[in-house]
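>>> coords please:
(one chain, ligands or ions: 1)
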Amino acid sequence: MSYRTEEVAYVQPAQPAASAQAAQQKRSTAEYRALDAAHHIHPFSDMGSLNRSGSRVIVKAQGVYLWDSDDNKIIDGMAGLWCVNVGYGRKELADAAYRQMQELPFYNTFFKTTHPPVIELSALLAELAPEPFNHFFYCNSGSEGNDTVLRIVHQYWATQGKHSKKFVISRKNGYHGSTIAGGTLGGMGYMHEQMPSKVENIVHIDQPYFFGEAEGNLTPEEFALARAQQLEAKILEIGADNVAAFIGEPFQGAGGVIFPASTYWPEIQRICRKYDILLVADEVIGGFGRTGEWFAHQHFGFEPDLITLAKGLTSGYVPMGAVGLHDRVAKAIIENGDFNHGLTYSGHPVAAAVAVANLKLLRDDKIVERVKTDTGPYFQKKLRDTFANHPIIGEISGAGLVAGLQLAEDPKARKRFANGGEVGTICRDFCFNGNLIMRATGDRMLLSPPLVINKLEIDEIVAKAKYAIDATAQQLGIS
Ligand SMILES: *Cc1c(COP(=O)(O)O)cnc(C)c1O
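The predicted model follows:
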């Protein structure tokens with residue numbers, strides 16, 4: 001037998017019925033780690049130190065729980081990366097992908113063609129989104145969504161004959177993805193430092209982060225208003241004729257679950273209308289039920305011109321992003337000739353079929369409704385009751401099933417730790433060892449569990465978070 005025949009025999013496909021077997025572990029944790037260290041570069045990671053400590057290998061998941069390769073059961077307080085809204089293991093989504101792959105695994109939407117899944121998805125999004133959002137453009141991620149936003153914004157102003165409107169204003173400590181455009185729009189200094197070339201004409205104003213940045217005796221409402229008014233000052237500095245758009249996350253996600261006071265967004269909207277500037281809501285985290293509303297801009301009560309969607313659109317089961325266009329923007333794009341933008345996988349049929357199955361679950365199982373009226377309020381109250389007067393918790397922000405817990409040296413005086421990032425890491429490590437996924441962003445601990453979480457599971461997350469935060473305080477010698 002030649003080597004070649006042997007090789008062919010070796011790659012015989014597994015039996016379809018062997019799916020349970022396929023889920024079974026193929027290698028030891030040590031083997032997985034060695035191969036991962038040898039060949040895989042992780043996003044946003046210090047690979048040298050990660051390779052020395054070794055990654056946790058996640059092998060399966062169900063509901064709100066993950067299992068690692070050592071068979072530890074971990075409760076996922078982050079819904080993967082803010083995306084697994086319907087929870088893990090939903091057969092409806094797997095079936096939708098399987099059926100669509102057999103029926104039509106791919107076809108493009110470039111050349112006067114379309115297909116049923118992208119048609120169904122667009123109609124369903126128009127039904128679920130607020131009234132003026134009736135048109136959607138597709139891509140594969142939130143970053144590409146924000147790249148697309150820039151393309152649409154510039155095309156829009158070109159159709160209006162306002163060619164000087166080129167500047168886009170965003171915010172420090174905002175997150176809009178990690179492509180060159182997404183990274184430039186975002187206001188993460190540590191990303192900008194590694195980006196010698198950036199997209200032109202993007203400028204940043206300060207974020208509405210009350211706990212960390214309010215000075216003097218300003219109330220949260222006064223502070224948020226002042227931060228919104230920085231937009232007006234920036235527009236006047238650049239000249240309204242030169243400003244195309246303002247973009248912001250309704251609440252900052254990766255920046256630390258920063259919820260602006262109620263005065264912020266109405267003032268931003270007023271300023272955008274006054275100076276004829278498009279208002280873009282990056283709904284990549286806020287969209288699809290996170291706050292208890294379908295979209296986070298509804299929670300804050302404003303009306304954007306464009307919305308960026310991704311993450312919860314497919315609950316992360318397959319990659320997909322989208323941009324929703326307000327009727328007034330869509331009309332200009334539709335009636336003015338070619339729009340020279342697109343991606344091979346724009347409206348990918350499998351992703352679209354999964355998105356439809358996902359959105360129907362969120363709607364028909366009343367998952368979003370339950371976040372608004374039941375589990376969301378329960379989660380928020382439980383956190384606030386549990387950490388009231390805690391010696392190192394300065395504030396709890398959030399609504400629905402998203403929360404930020406501010407670690408602080410002196411909560412009452414709003415005094416942050418001088419080494420806040422280290423304190424966050426200590427706390428994150430206690431969570432990790434307690435089999436809770438809770439993310440640390442500097443000195444803020446973040447929670448954003450799957451939207452299907454029940455009250456018992458919420459109790460488990462909050463109890464484990466309390467244990468980790470108490471242990472952190474103890475290690476710091478604070479009680
Ligand atoms: C995650 C995120 C993005 C980027 O999405 P990717 O799919 O990672 O490209 C953009 N905006 C916000 C608000 C996000 O949270």
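>>> could you measure Met316 against the ligand, distance?
For the record, residue 316 is Gly, not Met. 9 Å (CB to the nearest ligand atom, to the nearest Å). For every residue, glycine as well, the C-beta is placed using N, CA and C.
>>> same check, this time on Pro266
Using CB to the nearest ligand atom, Pro266 is found at 21 Å from the ligand.
>>> ok, now how distant is Pro177 from the ligand?
Pro isn't right for residue 177; it's Gly. For Gly177, the distance to the ligand - CB to the nearest ligand atom - is 3 Å.
>>> quick one: contacts for that residue?
Ser141, Gly142, Ser143, Glu144, Gly145, Asn146, Asp147, Gly183, Leu185, Gly186, Val284 (CB atoms under 8 Å, 6 or more residues apart in numbering).
>>> Let's see that with 7 Å instead.
Ser141, Gly142, Ser143, Asn146, Gly183, Gly186 (CB atoms under 7 Å, 6 or more residues apart in numbering).
>>> which phi and psi does the first one have?
Going back to what we said before, that points to Ser141. phi -170, psi 170 (degrees, to the nearest 10).
>>> Near the ligand, which residues of the chain? Just list them.
Contact residues (CB under 6 Å from any ligand atom) of the chain with the ligand: 141-143, 175-177, 249, 253-254, 282, 284-285, 310.
>>> out of those residues, which is most surrounded?
Asp282 (33 neighbours; other CB atoms under 10 Å).
>>> just checking, that one touches Glu249?
Yes. Between Asp282 and Glu249 there is a contact under CB atoms under 7 Å: 4.7 Å.
>>> Not counting sequence-adjacent ones, nearest residue to the residue of the stretch 201-350 of the chain found nearest the ligand?
Ranked by CB to the nearest ligand atom, the top residue of the stretch 201-350 of the chain for proximity to the ligand is Val284, at 3.5 Å. Closest residue to Val284 apart from its sequence neighbours, by CB to CB, 6 or more residues apart in numbering: Gly142 at 3.8 Å.
>>> tell me the contacts of Glu249?
Glu249 touches Gly174, Tyr175, Asp282, Ile285, Gly286, counting by CB under 7 Å, 6+ apart.
>>> Run through this structure and note the low-pLDDT ranges.
1-25 (pLDDT under 70).
>>> Grab the most central residue of it for me.
Nearest residue to the geometric centre of the chain (CA atoms, centre = their mean): Ile285, 3.3 Å.
>>> before we move on, what SS does that residue have?
Under the three-state scheme (DSSP: H, G, I helix; E, B strand; the rest coil), Ile285 adopts coil.
>>> That one against Pro250, yeah?
No. Ile285 lies out of contact with Pro250 (CB under 7 Å); the separation is 8.9 Å.
>>> Okay, helices next: where are they in the stretch 201-350 of the chain?
210-213, 220-238, 264-274, 296-300, 327-334, 349-364 (DSSP state H, counting those that start in this stretch).
>>> Any chance of JSON lines for those, columns mean neighbour count?
What follows is these, written out as JSON lines (neighbours: other CB atoms under 10 Å):
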{"stretch": "helix 210-213", "mean neighbour count": "19"}
{"stretch": "helix 220-238", "mean neighbour count": "18"}
{"stretch": "helix 264-274", "mean neighbour count": "19"}
{"stretch": "helix 296-300", "mean neighbour count": "23"}
{"stretch": "helix 327-334", "mean neighbour count": "16"}
{"stretch": "helix 349-364", "mean neighbour count": "23"}
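>>> Run a quick neighbour tally on the closest residue in space to Glu457 that isn't next to it in sequence.
Closest residue to Glu457 apart from its sequence neighbours, by CB to CB, 6+ apart: Val64 at 5.3 Å. If you count neighbours by other CB under 10 Å, Val64 ends up with 24.
>>> ok, now which ones touch Val64?
Ile75, Asp76, Gly87, Pro449, Pro450, Ile453, Glu457.
>>> For the second one, give its distance to Lys466.
In this structure, Asp76 lies at 18 Å from Lys466, with CB to CB, to the nearest Å as the measure.
>>> More neighbours: those two, which one.
Taking other CB under 10 Å, Asp76 and Lys466 do not tie; Asp76 has more neighbours (24 against 15).
>>> Against Ile285, how distant is the more buried one?
15 Å.
>>> what do you get for Trp294?
From Trp294 over to Ile285 (counting by CB to CB), the distance is 13 Å.
>>> what's the helix or strand for Met191?
helix 189-192 (DSSP states H and E).
>>> Could you do Ile74 as well?
Per DSSP H and E: strand 73-76 holds Ile74.
>>> what helices or strands is that strand leaning on?
Here strand 73-76 touches strand 65-68, strand 436-437, helix 455-475, going by 3 or more CB pairs under 7 Å, 6 or more residues apart in numbering; DSSP states H and E.
>>> so how far is that strand from its chain's centroid?
Relative to its chain's centre, strand 73-76 lies at 20 Å (CA atoms, centre = their mean, to the nearest Å).
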